[in-house]
Structures are given as structure tokens and as C-alpha cells.
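Asks: Sharing a model that was predicted from the sequence below.
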Amino acid sequence: MGRHAKTVRSGAARQRARKGTARTAIGALLVLGVIALAGLLLRIPLNDLRYTTGLSGTPGTFSAEHCHAVRSGRVTSLTCTGTFVTADGRGTDHTAQLIDAPADHDQPITVQRKPDGSYVQPLVFRVALDLLAVFGIVAAAAMTVVIVRTGSSTAAVSAGVPARSRPKVWGPVLYLVSLLAIGCGAAAVLSFVVAVVTVWFPV
């Protein structure tokens, strides 16, 4: 009778251990999925950041000739068509179009021309928005990784997975990822503040 009960308990323990291992594997796959998704999302603001900082693109000036307001919901922006002249004076585009043109578009506007023919102004406001997106994505991804891994570790402990079977590396890694989430979260908040301030005091 005692041997049978011991066998039953041993079988139940093995079953819990298998479930814990499966949850750990699922957690690892979720972590990889989060990292992959964050990498894809980061491509958008990082690519835009190259032009808003003036590191990429063709520098020049845009002179507006015709402008009209474009309303999207409660937001109204100004779209202007005019002439773009490269900084070295070797290139001209008489059909250039600038979206979100500033209110003082009577003067030539410094812009960067993208390879697709669109134009962007290298403004602190736009840089702050791009950095907000970058830091926000990294902070959200890092926090998600911490939550997923913590949940997986808790499930493994509850399921009775032996400590020697659980990777020791996750402790220091989760600590570093937590610091990354906190740091990027703070940087995202700072970027948001800069964006708000530059709305009232354009730079």
C-alpha cells in the first residue's frame, strides 16, 4: 500500500515537472517573439531618426509656393508644394512637397530629402518623438521579457522542477533587463517632456 502511494506521488511529481518544463519552454519562445517584434518595430523610428538628425538624406532648403490645410480628426496640418534646392546648389526639385510645414513657411525651410523623394525637417521636436518611440519600444519589450520570465520561473518552482534543471543565467540577465526597462522608461519620459516643450518653443 505504501509502495503504491509512493509510486503515485512520484508519477504526479514527474507530470508536474513536465508541465513546468513545457511552461518554461513556452516562456522562452514568448521572450524570443517579443524581442523579434521589438526589433521590427524599432526599424521605423530608427530609420526616421537618421533623417530628423540630419545624418542621412540630401540637405537643402525648401521654398513654399502653395500651401493648404489638411485636417485629420482634430489635428490640422499644413502641406506645402514648392521648390527644393540642395545645399550645394547642384539639384533642384520644382515639385517638392513638404508635409507638416511650419506656420512661418514664408522663409526658406531647412529640410532633408529622403531617397523616396519625401522631405523632413531636422527639428528637435521630431528627434524627441523618434527617441520617445525607440525608448518606449525597448522599455515595453524589456518589461514584457521580465514579466514572462518571472512567470515561467514561478510556474517551474510550483511544478516542482528541480533547481539544477533551471538555468542559473536568468537571474543576472533579468536584473540587467529590469535596469534596461527602467532606464529606457525614464528616457522615454524625458523625450516626451522635450517634445512637449519644443511644441511651445520650437528649436
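Replies: Great, that's in hand.
Asks: Roughly how far does Thr86 sit from Gly151?
Replies: Counting by CB to CB, to the nearest Å, the gap from Thr86 to Gly151 is 54 Å. Heads up, the C-betas are built off the backbone N, CA and C, glycines and all.
Asks: Can I take it that Leu131 is in a helix?
Replies: Yes. Per DSSP: H, G, I helix; E, B strand; the rest coil, Leu131 lies within a helix segment.
Asks: which residues touch it?
Replies: Residues in contact with Leu131 (CB atoms under 8 Å, 6 or more residues apart in numbering) are 45, 49, 187-188, 191.
Asks: try it again with 7 Å
Replies: For Leu131, the contact set (CB atoms under 7 Å, 6 or more residues apart in numbering) comprises Ser191.
Asks: same question, Gly60
Replies: Applying CB under 7 Å, 6+ apart to Gly60 gives the contacts 84-87, 111, 113.
Asks: Sheet partners, orientation included, of the longest strand anywhere in the chain?
Replies: Longest among the strand segments of the chain by residue count, using DSSP state E, is strand 58-72. Here strand 58-72 is paired, per DSSP bridges, with strand 75-86 (antiparallel), strand 109-113 (antiparallel).
Asks: And the helix or strand following the shortest one, what does it pack against?
Replies: Spelled out, it's strand 109-113. Tracing the chain C-terminally past strand 109-113 and defining elements by DSSP states H and E, one meets strand 119-120 next. The contact analysis (3 or more CB pairs under 7 Å, 6 or more residues apart in numbering; DSSP states H and E) places strand 119-120 against strand 109-113.
Asks: which residues of this structure score low on pLDDT?
Replies: Filtered on pLDDT under 70, the chain yields the residue ranges 1-25, 27, 103, 152-170, 203.
Asks: thinking again about what came up before, give me the buried entries from the contacts of Gly60.
Replies: Buried by 16 or more other CB atoms under 10 Å: 84-85, 111, 113, out of the contacts of Gly60.
Asks: Looking at the residues you listed, which is nearest Val70?
Replies: For those, the closest approach to Val70 (CB to CB) belongs to Val111, at 17.9 Å.
Asks: Which residues does that closest one form beta bridges with?
Replies: Assigned bridge partners for Val111, using DSSP bridges, are Gly60.
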